[in-house]
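Visitor: Can you look at this prediction? I've put the sequence above it.
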Amino acid sequence: MSTGFIAVIPARYGSSRLPGKPLKDIAGKPMIEWVYRQTLGSGASEVIVATDDERIAAACRGFGAPVELTSAEPGHYVATAMTVPTPGDWTLRINVRTSDIDEQSFDVPVKIR
């Protein structure tokens, strides 16, 4: 059994509290880029951004992040990440709530599915 994991970052544009949050500028970069780059240090074998919005997908492609387009149907943000097919034994969902996560944030084992 593999011990690797894949990190999936759900990034919806239609947040009810702060629409467009993943694209909000923080020190010259969109928030999603900060989260993606920090997640690269997690030890994940792959980091994927799951989004239902082409604007977010385009921004992610612009800084080199792999993107999986998901359904734009209204629903809970967890569904955005869980619709991404992953071949790994472990999938870690990273919330785009803060851009100041660091590599130590990933030092706890979590089995999502």
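Guide: It's in.
Visitor: Ile6 falls within a helix, correct?
Guide: No: read with DSSP: H, G, I helix; E, B strand; the rest coil, Ile6 is strand and lies in no helix.
Visitor: would you list every one of the strands in the chain?
Guide: 5-11, 25-26, 29-30, 46-51, 67-69, 90-93 (DSSP state E).
Visitor: got the buried residues for the longest one?
Guide: By that I understand strand 5-11. Within strand 5-11, the residues that count as buried by 16 or more other CB atoms under 10 Å are 5-11. Glycine gets a C-beta too; all of them are placed from N, C-alpha and C.
Visitor: before we move on, the earlier item: tell me which of the strands of the chain lies nearest to Leu40.
Guide: Leu40 lies closest to strand 46-51 among these, at 5.7 Å (CB to CB).
Visitor: Tabulate the strands of the chain in CSV, adding columns for mean pLDDT and distance to Leu40.
Guide: CSV is the format used below for the strands of the chain (pLDDT from 0 to 100; distance: least, CB to CB, whole Å):
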stretch, mean pLDDT, distance to Leu40
strand 5-11, 85, 9
strand 25-26, 94, 17
strand 29-30, 96, 14
strand 46-51, 90, 6
strand 67-69, 90, 15
strand 90-93, 56, 13
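Visitor: Alright, that wraps it up for me.
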